[in-house]
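[1] give me the fold of what follows.
(4 chains)
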Protein chains: 4
Amino acid sequence: MLSTPTIVLNVKTYTEAVGDHAVHIAQLMDKLASETGASLSICVQATDIWRVQQAVSLPVFAEHFDAIQPGSHTGWTLPEAVQAAGAVGTLINHSEHRLTLADIETCIKKSKELSLDHIVCTNTVSTSKAAACFSPHFIAIEPPELIGGDISVTTADPGIVSGSVDAVHNIDNQIKVLCGAGVKNGKDVAKSIELGADGVLLASGVVKAKDKEAVLRDLIAGLP
Amino acid sequence: MLSTPTIVLNVKTYTEAVGDHAVHIAQLMDKLASETGASLSICVQATDIWRVQQAVSLPVFAEHFDAIQPGSHTGWTLPEAVQAAGAVGTLINHSEHRLTLADIETCIKKSKELSLDHIVCTNTVSTSKAAACFSPHFIAIEPPELIGGDISVTTADPGIVSGSVDAVHNIDNQIKVLCGAGVKNGKDVAKSIELGADGVLLASGVVKAKDKEAVLRDLIAGLP
Amino acid sequence: MLSTPTIVLNVKTYTEAVGDHAVHIAQLMDKLASETGASLSICVQATDIWRVQQAVSLPVFAEHFDAIQPGSHTGWTLPEAVQAAGAVGTLINHSEHRLTLADIETCIKKSKELSLDHIVCTNTVSTSKAAACFSPHFIAIEPPELIGGDISVTTADPGIVSGSVDAVHNIDNQIKVLCGAGVKNGKDVAKSIELGADGVLLASGVVKAKDKEAVLRDLIAGLP
Amino acid sequence: MLSTPTIVLNVKTYTEAVGDHAVHIAQLMDKLASETGASLSICVQATDIWRVQQAVSLPVFAEHFDAIQPGSHTGWTLPEAVQAAGAVGTLINHSEHRLTLADIETCIKKSKELSLDHIVCTNTVSTSKAAACFSPHFIAIEPPELIGGDISVTTADPGIVSGSVDAVHNIDNQIKVLCGAGVKNGKDVAKSIELGADGVLLASGVVKAKDKEAVLRDLIAGLP
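    Presented below is the predicted three-dimensional model:
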């Protein structure tokens, strides 16, 4: 499992993070992780997992896999293939790739069977509690109050994050919680952890930045 | 575009074709293509495209991509990412991964924009005609009469294949047609081409074979 | 089949057209159809088909049915149930409810088996041609140039509509074509028909109107 | 809310329960409910809700609604439309119509807003606990050990049902639990309730029975 506190970057399907670009971002993170000792990891497209993990010692995650068994599933993403490509974990149920409740359970079970780390994304306090019933390694909460706009973890009602963390821990206190929205800089990272989170999951703030290294260094500075 | 007549192998998500296994199958096909001059290609999972195309000079196809633009589409398959990984083409609308009519058009257009070769899979004479309206490079027909069971191209009513080929060509006679069902051996390959097809698309017959080389050599022997 | 030229209203899931409201809109259209002799029909939610068709002699259409057989499909829309509720036809592949190419064929075939009238919605010239390969009763074209904004059939390049009509008829000249976008008033109806369409399919322009009767009378006045 | 213990019948999309047939089954249940005082209810297709609820005083449920707001959602099932048609409740997340975790929460919230009764279907102990986090009125458990085959509640390990009931109540002890699999006769009904369930949800055992009245009378006899 990722050591915590941790910073997880999801590069989505941004042009700035396809192929060579994914490799370069991962190499930058790898350098910073070595230099600072921070726990960093990257979630990349299925097409890029092999290349990226070959290039770095950073933990590489898939962005998704499907709740399928090996066989006749042309064009879907097989958990075993993600692992064979070198991923050590996966996102599950990202807000851009929602799963049925039954498939969330299947994907968590499959991750455990394959010893893959896994981060289940949720959008509300109640869905966070629901996901906690499956005892995943990580839950990344995306409180609706923190999505989009100018509100960040630092400026928002602190109860939004701490309440979600508590709700998850009331179900299963072994689960690590990431703050998946409202994190833009090191102060937000520090505040997230102060409010009980074990780290953050972020995307465009890094991938779209002109000076990715500066943004990453600032985020890392927020880790305790 | 693939030179024709051609043999296209779709390895699906079979255990026998994940990761290293995909590389090995591609290397075997690469050797046979060099040796015989046959036009062979392989469709692999997104996770395996980079590795496989690095290992061979054989054309490598994706099994699918999504009708998405670069951006916030976590865990979906971006056309540009498939290309960046080294794929020279893709399957579209495989029977295990059906698309909406609108998305079929989008995927064909995107393939043309990116100069990716593409094979649209269809299940009936009418859907083959419909797909032909988008003027794709290839249509792989899977006549329902030839799916499963013991009937092959050689034993079936010849009108099943030739009728589909004619239906496609009546819409657009530049489209190449592959026979995507009922092909098990070299005789079926030869018969498919005799009936007007430009090649074959097949899967388990090779991937699940104990002696893949023997099966491939027999298939290749059926090419004119 | 609907007599042509015709005006088809799709009430979608608008609040203004749920339950009693759907009945009232249908009764208004029924009165105007009787009074003017115009060919009018209404597409309503599955929940409202029975009530509406009991209240009027106007042809009532479903907005959709699923490509399923009777059996274990809890909560999906069975073609036979739509018919048993009194619908005489259905929309297929509306832009808000896209189907796979294979399911479009299944739904058209099922409509023909059940002697249900049917209108297949398409979004481009090529998808209109593709749909025409299944020889449906009607194709409702929604040229992207006419969706949203201020452009209507009257102000747009006339080739947009006539080109789509010709493309469909080049595949099968028995198919009736409706103009499914860019129609706001009687002039647009008249222009659509002048450009080769057999009628129009519209929605919010009527359902959201304060004076629905005035809007409908104006539309009807555009019929030849 | 349905009074408990209760027997809920889901008629799915069975030919034997379309249109008039749905009305007849509901009338039979209505008669037996009046005669015996048993709490019975029926879940019917969207097309049949209005007709059925007009014909009986029995509570009528929808089989599903979509997590949509009123507006442009052609052919989808609007919660408000289900209610306007006379349904007093709905199934949510039936095994034949799985929803994303986020949509399960949306549908439960919407049911509460509209004061609609609701039964969330789940397939395992963990998904039952997860659904319980949303505090729905009812959860219908379908233990995999009881689906298909010859095993019923009476013959199975009693811990399968009682364990699921306890798991739900550990999250929220106000939630009523229905046994949604393994119930074929009155003995199974009695056993389900003895093991802690508040009733049963069943389908083909009644709908496909030649003598529906006999089957229903036997089931009712199992109620305490």
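[2] what sits closest to A:I160 if chain neighbours are left out?
    The shortest distance from A:I160 to any non-neighbouring residue, by C-beta to C-beta, 6 or more residues apart in numbering or on different chains, is to A:P143 (4.7 Å). Backbone N, C-alpha and C define where each C-beta goes, glycine included.
[3] now the strands for chain A?
    In chain A, the segments counted as strands under DSSP state E are A:6-10, A:39-44, A:60-62, A:89-92, A:117-122, A:138-141, A:176-179, A:199-202.
[4] in JSON lines: those, plus distance to C:D20.
    Supplementary listing: those in JSON lines, determined by distance: least, C-beta to C-beta, whole Å:
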{"stretch": "strand A:6-10", "distance to C:D20": "47"}
{"stretch": "strand A:39-44", "distance to C:D20": "50"}
{"stretch": "strand A:60-62", "distance to C:D20": "50"}
{"stretch": "strand A:89-92", "distance to C:D20": "44"}
{"stretch": "strand A:117-122", "distance to C:D20": "39"}
{"stretch": "strand A:138-141", "distance to C:D20": "42"}
{"stretch": "strand A:176-179", "distance to C:D20": "47"}
{"stretch": "strand A:199-202", "distance to C:D20": "48"}
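[5] which of these sits closest to D:G89?
    For the strands of chain A, distance to D:G89 was read as C-beta to C-beta. The smallest value, 26.6 Å, belongs to strand A:117-122.
[6] rewinding a little: quick one: residues contacting the residue nearest to A:I160.
    A:124-125, A:156, A:160-161, A:164, A:181-182 (C-beta atoms under 8 Å, 6 or more residues apart in numbering or on different chains).
[7] nearest to chain D among the residues you listed?
    For those, the closest approach to chain D (C-beta to the nearest C-beta) belongs to A:T124, at 6.4 Å.
[8] do you know how far the closest residue to A:Q45 other than its chain neighbours is from chain D?
    Of all residues not flanking A:Q45 in the chain, B:A81 sits nearest, at 4.9 Å (C-beta to C-beta, 6+ apart). B:A81 sits 24 Å away from chain D, taking C-beta to the nearest C-beta, to the nearest Å as the criterion.
[9] what about B:A81, how many residues close to it?
    Residues contacting B:A81 under the criterion other C-beta atoms under 10 Å in any protein chain shown number 26.
[10] can you list the low-confidence ranges for chain A?
    In the prediction, chain A carries residues with pLDDT under 70 at positions A:148-149.
[11] quick one on the thing from earlier: of the strands of chain A, which is nearest D:T13?
    Of all the strands of chain A, strand A:89-92 sits nearest to D:T13, with 31.6 Å by C-beta to C-beta.
[12] other SSEs contacting that closest one?
    Other elements packing on strand A:89-92 under the criterion 3 or more C-beta pairs under 8 Å, 6 or more residues apart in numbering or on different chains; DSSP states H and E are strand A:39-44, strand A:60-62, helix A:101-113, strand A:117-122.
[13] what sits against the residue sitting furthest away from the middle of chain A?
    Among residues of chain A, the one most distant from the C-alpha centroid is A:S72; the distance is 29.2 Å, by C-alpha atoms, centre = their mean. Counting by C-beta under 8 Å, 6+ apart, A:S72 makes contact with B:12-14, B:96, B:203-204.
[14] can you select the buried ones among the residues you listed for me in ChimeraX?
    Only the buried members of those end up in this ChimeraX selection, burial being decided by 16 or more other C-beta atoms under 10 Å in any protein chain shown:
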select /B:12,13,14,96,203
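[15] in CSV: the contacts of A:S72, plus distance to chain C.
    Conversion of these to CSV gives the following (distance: C-beta to the nearest C-beta, whole Å):
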residue, distance to chain C
B:K12, 19
B:T13, 20
B:Y14, 23
B:E96, 12
B:A203, 19
B:S204, 21
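[16] so which of the contacts of A:S72 are in helices?
    Cross-referencing the contacts of A:S72 against helices under DSSP state H gives B:S204.
[17] and the contacts of A:S72, which is closest to chain D?
    So of the contacts of A:S72, ranked by how close each gets to chain D (C-beta to the nearest C-beta), first place is B:E96, at 18.9 Å.
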